[in-house]
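Asker: Got a sequence here, can you build the structure:
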Amino acid sequence: MSGHSKFANIKHKKEKNDAAKGKIFTIIGREIAVAVKEGGPDPSNNFKLAQVIAKAKANNVPNDTIERGIKKASGENGGADYKYMTYEGYGPNGIAIIVDALTDNINRTAANVRSAFTKGQGNVGTPGCVSFMFDKKGQIIIDREECEMEPDDLMMIALDAGADDFVEEEDSFEILTDPDAFAGVVEALEANNIASVSAEVTMIPQNYVTLTDETAIKNLTRILDLLEEDDDVQAVYHNWDE
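Answerer: Numbers count the residues shown, from 1 in each chain. Okay, the predicted model is just below:
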């Protein structure tokens, strides 16, 4: 992935989504509810909840909001019964797209996802049709300008905490982990007062595809925008080199 600026894409996404920060809180709130229902309210005994909390902190979700979400999900009436759904498909020029959703109405979500692909001249495929092109990894991005620590020292903290890889870019540092080690690495960085731009378990493309055709770019952008506007959609992964 050398030469591909993850930081630029993430920064662009965050700027684009600043107006939709409420959606980020909603997304994480749902993930907390499901994690608590599945494994209980103690993150030390609930690995999935620990991952969600790490993601929440990276997105600047206040601690009291996280605690309220855990408490609410722990009650007898823990809210709606959400289910995780994953959709895979193709955008223009064969761009691979994975959509993670958390929904209380599978039929509604499936129809909305299919509609988004159709409107952008793409199509939903069968499970597994594109996921083999991605690796599931914990990914932490640190803004180089905001990090006062020497790269070698930062790398040692990350590797000692269980990270698999440390990549230096011109504008950022990228730390990759096995999903199981993600929460521990985030905690180690927090203990050393190292702030991250992004921290999440994500699907990372093995290869990126560049688009030059303006119509294809316009259609792909439409698919991605429609998916990201959908309240049921938690995350969208693709291999387009923006």
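
Asker: Only C-alpha atoms from now on, for both contacts and neighbour counts.
Answerer: OK.

Asker: can you pull the contacts of the nearest residue to A158 once chain neighbours are set aside?
Answerer: Among residues not flanking A158 along the chain, V185 sits closest, at 6.1 Å (CA to CA, 6 or more residues apart in numbering). Taking CA atoms under 8 Å, 6 or more residues apart in numbering, we find V185 in contact with A158, A161, G162, A163, T177.

Asker: in which helix or strand would I find V185?
Answerer: Using DSSP states H and E, V185 maps to helix 182-191.

Asker: list the buried ones in that helix?
Answerer: Within helix 182-191, the residues scored as buried using 16 or more other CA atoms under 10 Å are F182, A183, G184, V185, V186, A188, L189.

Asker: Output it in CSV with nothing but the alpha carbons.
Answerer: Extracted C-alpha coordinates of helix 182-191, given in CSV (Å, rounded to 0.1, in the frame of the first residue of the first chain):
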residue,chain,number,x,y,z
PHE,A,182,-6.5,-3.7,18.2
ALA,A,183,-8.0,-2.6,21.5
GLY,A,184,-4.7,-3.3,23.4
VAL,A,185,-2.7,-1.2,20.9
VAL,A,186,-5.2,1.7,21.2
GLU,A,187,-4.9,1.6,25.0
ALA,A,188,-1.1,1.6,24.8
LEU,A,189,-1.2,4.7,22.6
GLU,A,190,-3.7,6.4,24.9
ALA,A,191,-1.5,5.7,27.9
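
Asker: How about M85: which residues does it bridge to?
Answerer: Beta-bridge partners for M85, by DSSP bridges, are A101.

Asker: Show me how this structure divides into domains.
Answerer: Per the record, the chain has its domains at 6-74, 83-132+206-238, 134-205, by automatic domain parsing.

Asker: Contacts for stretch 55-62 next, please.
Answerer: Contacts for stretch 55-62 (CA under 8 Å, 6+ apart): I24, F25, I28, N63, I66, A195, S196, V197, S198, A199, E200.

Asker: and these, which of them are in helices?
Answerer: Counting by DSSP state H, the part of those found in helices is I24, F25, I28, N63, I66.

Asker: Helix or strand with the lowest mean pLDDT in this protein?
Answerer: Among the helices and strands of the chain, helix 6-17 carries the lowest confidence by mean pLDDT, DSSP states H and E, at a mean of 56.

Asker: quick one, strands of the chain?
Answerer: 83-90, 96-103, 123-124, 134-143, 165-168, 172-177, 198-205, 233-238 (DSSP state E).

Asker: Adding distance to E214, mean pLDDT and mean neighbour count as columns, could you present those strands in a markdown table?
Answerer: Converted to a markdown table, these look like this (distance: least, CA to CA, whole Å; pLDDT from 0 to 100; neighbours: other CA atoms under 10 Å):
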| stretch | distance to E214 | mean pLDDT | mean neighbour count |
| --- | --- | --- | --- |
| strand 83-90 | 17 | 95 | 18 |
| strand 96-103 | 18 | 95 | 23 |
| strand 123-124 | 19 | 96 | 20 |
| strand 134-143 | 25 | 94 | 20 |
| strand 165-168 | 32 | 94 | 15 |
| strand 172-177 | 29 | 94 | 23 |
| strand 198-205 | 22 | 91 | 21 |
| strand 233-238 | 18 | 93 | 20 |
